[in-house]
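Visitor: The following comprises the amino acid sequence and a computationally predicted model.
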Amino acid sequence: MKEVRIKFIEKIKRTPTVTSFRFSPNEKLDFIPGQFLQLIFDENNRKNKDLNKYLSFSCSPEKPYIEVTKRLSESEFSHKLINLAVGDEILAQAPLGDIVFYPEMKNIAFLIGGIGITPVISILEYICDKNLNTDGLVFYSNRREEDIAFREELDLLRRIGRNIKIFYTITDCVPKDNACVFGFIDKNLIEEKTSDLTKRIVFIYGPPGMVATMKGLCLDLGCKEENVHVENFIGY
Ligand SMILES: Cc1cc2nc3c(=O)[nH]c(=O)nc-3n(C[C@H](O)[C@H](O)[C@H](O)COP(=O)(O)OP(=O)(O)OC[C@H]3O[C@@H](n4cnc5c(N)ncnc54)[C@H](O)[C@@H]3O)c2cc1C
């Protein structure tokens, strides 16, 4: 882990409430897909949790930039991010976290809600960049179709990744798009789409409530606890 100054390059709006921020690091920043960094706006008080926050990498380590993606709120941290000007430098501490993907993991699945998709993008991009033949299933739940972050990128990664399947679920209204299923990620949906969840490494990232529910579901479905890897996005 090290501290690196990173230079803001651009922002990309993903949904009405989710935006990605791209940076160029002043020196090479290695990380493993699935890891996160800490963005430090208050360098004088490292314990300031309001201004120094954790965000997952939302790009492959193979990219020439680093990207993080934030569900924006009215917090001071969100405002500081949104108000970055091209060329502004901030401090980042990275890499952090051990809920990561390795190429040896041949069969994987993701049970994801909302903003938990960020490390999944890093992993899927990496699988495509490295041309791995990983067999991956992504169950990705959102309230409304317009809340699906990275929809275009996911559909593209699904086309490039030979063995990547993505199932979108919408919980708050019947989706117009027939690529999306109405309802929550539950036992019925998983059993309808796959018969081998218990043979996969399952990754669950996101807000703690969602993570706990999805982990319970995996254990109910017979997954071994050691095969279920969870990362709580504490702070939601
Ligand atoms: C490993 C990890 C990865 C994450 N990845 C992402 C990501 O990719 N994208 C993303 O949007 N968010 C991610 N988060 C969450 C992120 O760090 C922020 O906590 C979250 O985005 C809310 O920040 P805010 O400024 O919008 O909300 P705020 O308005 O500051 O906080 C929302 C609520 O959470 C509480 N809270 C804030 N910080 C903490 C804390 N450290 N501990 C306990 N309670 C707290 C506040 O009191 C408030 O009630 C991640 C968190 C972790 C730990």
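Guide: Yep, it's here.

Visitor: where does the protein come near the ligand, residue by residue?
Guide: Within the chain, the residues that sit near the ligand (Cβ under 6 Å from any ligand atom) are 36, 49-50, 53-56, 69-71, 73, 75, 77-78, 97, 115, 118, 231, 233-236. No exception for glycine: its C-beta is placed from N, CA and C like everyone else's.

Visitor: does K53 count as helix, strand or coil?
Guide: Three-state call for K53 (DSSP: H, G, I helix; E, B strand; the rest coil): strand.

Visitor: center of the chain - which residue?
Guide: With distances taken as Cα atoms, centre = their mean, T118 lies nearest the centre of the chain, 1.9 Å away.

Visitor: so what's I127 closest to, chain neighbours aside?
Guide: Once flanking residues are discounted, I127 sits nearest to T134: 5.0 Å by Cβ to Cβ, 6 or more residues apart in numbering.

Visitor: ok, back up a step: buried only: go through the residues of the chain next to the ligand for me.
Guide: Among the residues of the chain next to the ligand, those classed as buried by 16 or more other Cβ atoms under 10 Å are 36, 53-56, 69-71, 77-78, 97, 115, 118, 231, 233.

Visitor: Among the residues you listed, which lie within helices?
Guide: Within these, residues falling in helices by DSSP state H are 77-78, 118.

Visitor: what's the closest residue to the ligand within the chain in contact with, if anything?
Guide: Closest approach between the chain and the ligand, counting by Cβ to the nearest ligand atom: G235, at 2.0 Å. Going by Cβ atoms under 8 Å, 6 or more residues apart in numbering, G235 touches 49, 53-54.

Visitor: so can I have JSON lines of the residues you listed showing distance to R200 and pLDDT?
Guide: Shown next, in JSON lines, are those (distance: Cβ to Cβ, whole Å; pLDDT from 0 to 100):
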{"residue": "K49", "distance to R200": "34", "pLDDT": "95"}
{"residue": "K53", "distance to R200": "31", "pLDDT": "97"}
{"residue": "Y54", "distance to R200": "26", "pLDDT": "97"}
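
Visitor: Perfect, I'm done here.
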